[in-house]
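**Q** would you be able to build a 3D model of this:
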Amino acid sequence: MNKRIALTASSLFLAISFCRARTLTLAEADTIIVILLFFVILLLVLGAISVKYNRYISQRNEQLRRILNALDDYRAIVGDGELSLDEQEEVLKKKQSKPKPKTAKVIQMDEGQTFFVKMDARMNKEKPFTDPDFDHYALIEFMGVDQETFSKLVPRYTDPVRTNDYIKSLRAEYAAKMLMEHSDYSMDEIASKCGFTNTAAFNSAFKFSFGITPTDYLNSVSQMFKKKVN
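**A** Residues are numbered from 1 along each chain as shown. All right, here's what the predicted structure looks like:
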């Protein structure tokens, strides 16, 4: 922004000097100055819009960071990452059965909720969704249940379309982390490593999940890191 102002001011000064050196008429000189002033105002407006847009993107990405951290914290409740999945489930059950103070609100998890928490923890730990062919039926097989049982435990995912949306959201979340940790990867590489069949599908799923394209997110993250370094 400051560079643009300095550049336009210098251009205006040079233009005035040029007009004097060429001994242009007053009307000709005024025309040139008016044109330059127009471009100065245009650049200032564009600069203000750019600053506002970058601030908006930074806020969105900060919100995205918090969401990802909150999801990690939530999954940590399931148990220690060094424990087996069965051991994690036992830890969860013990936490649920632990007596609560009378003043505390007791939240009971039914069988369906417990199943979903276990499924979500396994999905994020083993990441089977990195296989592009992983879909609704693969998820059912992955959890070791039949389709009827799966529909009873997770009724929201009875429809394969909704299940695939859930899988895409996990891929998008994984991609967001990879964008922060592997800035040397291309978008095609990240899309492939996260289980997307192509970059277009990656962009669509990412924007649907976070409201921003992967490229804009990466650029904003890069700008935030530069500001912290400086």
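**Q** in stretch 132-145, which residues are buried?
**A** Neighbour counts over stretch 132-145 (16 or more other Cβ atoms under 10 Å) mark F134, H136, L139, I140, M143, V145 as buried. No exception for glycine: its C-beta is placed from N, CA and C like everyone else's.
**Q** keeping just the C-alphas, turn it into CSV.
**A** What follows is stretch 132-145, C-alpha atoms only, in CSV (Å, rounded to 0.1, in the frame of the first residue of the first chain):
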residue,chain,number,x,y,z
PRO,A,132,-10.1,-42.3,-4.0
ASP,A,133,-12.4,-45.3,-4.1
PHE,A,134,-13.3,-45.1,-0.4
ASP,A,135,-17.0,-44.4,-0.3
HIS,A,136,-20.2,-45.1,1.7
TYR,A,137,-20.0,-48.9,1.3
ALA,A,138,-16.2,-49.0,2.0
LEU,A,139,-16.9,-47.1,5.2
ILE,A,140,-19.5,-49.7,6.3
GLU,A,141,-17.0,-52.4,5.6
PHE,A,142,-14.2,-50.4,7.4
MET,A,143,-16.3,-50.3,10.6
GLY,A,144,-17.0,-54.0,10.4
VAL,A,145,-20.8,-53.8,10.4
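**Q** save the buried residues of stretch 132-145 as TSV, and put in secondary structure and pLDDT too.
**A** Output for the buried residues of stretch 132-145, formatted as TSV (DSSP: H, G, I helix; E, B strand; the rest coil; pLDDT from 0 to 100):
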residue	secondary structure	pLDDT
F134	coil	96
H136	helix	96
L139	helix	96
I140	helix	96
M143	coil	94
V145	coil	94
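**Q** L43: which of these is nearest?
**A** Using Cβ to Cβ, F134 comes nearest to L43 of those, at 49.4 Å.
**Q** ok, now which ones touch the closest residue to the closest one other than its chain neighbours?
**A** Closest residue to F134 apart from its sequence neighbours, by Cβ to Cβ, 6 or more residues apart in numbering: P128 at 5.3 Å. Going by Cβ atoms under 8 Å, 6 or more residues apart in numbering, P128 touches F134, A138, L139, F142.
**Q** ok, the first one to A176 distance?
**A** As defined by Cβ to Cβ, to the nearest Å, F134 lies at a distance of 19 Å from A176.
**Q** again with the second one
**A** As judged by Cβ to Cβ, A138 and A176 stand 23 Å apart.
**Q** likewise for the last one?
**A** Taking Cβ to Cβ as the measure, F142 and A176 are separated by 22 Å.
**Q** ok, P214 next?
**A** P214 is 8 Å from A176, where distance means Cβ to Cβ.
**Q** equivalent analysis for S209, please.
**A** 8 Å.
**Q** next: T149.
**A** Taking Cβ to Cβ, one finds T149 at 32 Å from A176.
**Q** cool, and T215?
**A** According to Cβ to Cβ, T215 and A176 sit 13 Å apart.
**Q** same drill for those two, tell me which one is more crowded.
**A** Neighbours around T215 and A176, counted as other Cβ atoms under 10 Å, are more numerous at A176. The numbers are 25 against 12.
**Q** anything in contact with each of P214 and A176?
**A** F206.
**Q** can you list the domain ranges for this structure.
**A** Taking automatic domain parsing as the reference, the chain has its domains at 1-60, 111-230.
**Q** okay, these, which one's buried deepest?
**A** The highest mean neighbour count among those, using mean count of other Cβ atoms under 10 Å, belongs to domain 111-230: a mean of 16.
**Q** mean pLDDT lowest where, among the domains of the chain?
**A** Note on the domains of the chain: lowest mean pLDDT is at domain 1-60, with a mean of 66.
**Q** how about the helices in the chain?
**A** Counting by DSSP state H, the segments of the chain that form helices are 2-21, 26-76, 85-97, 111-126, 136-142, 147-153, 160-181, 187-193, 199-210, 214-229.
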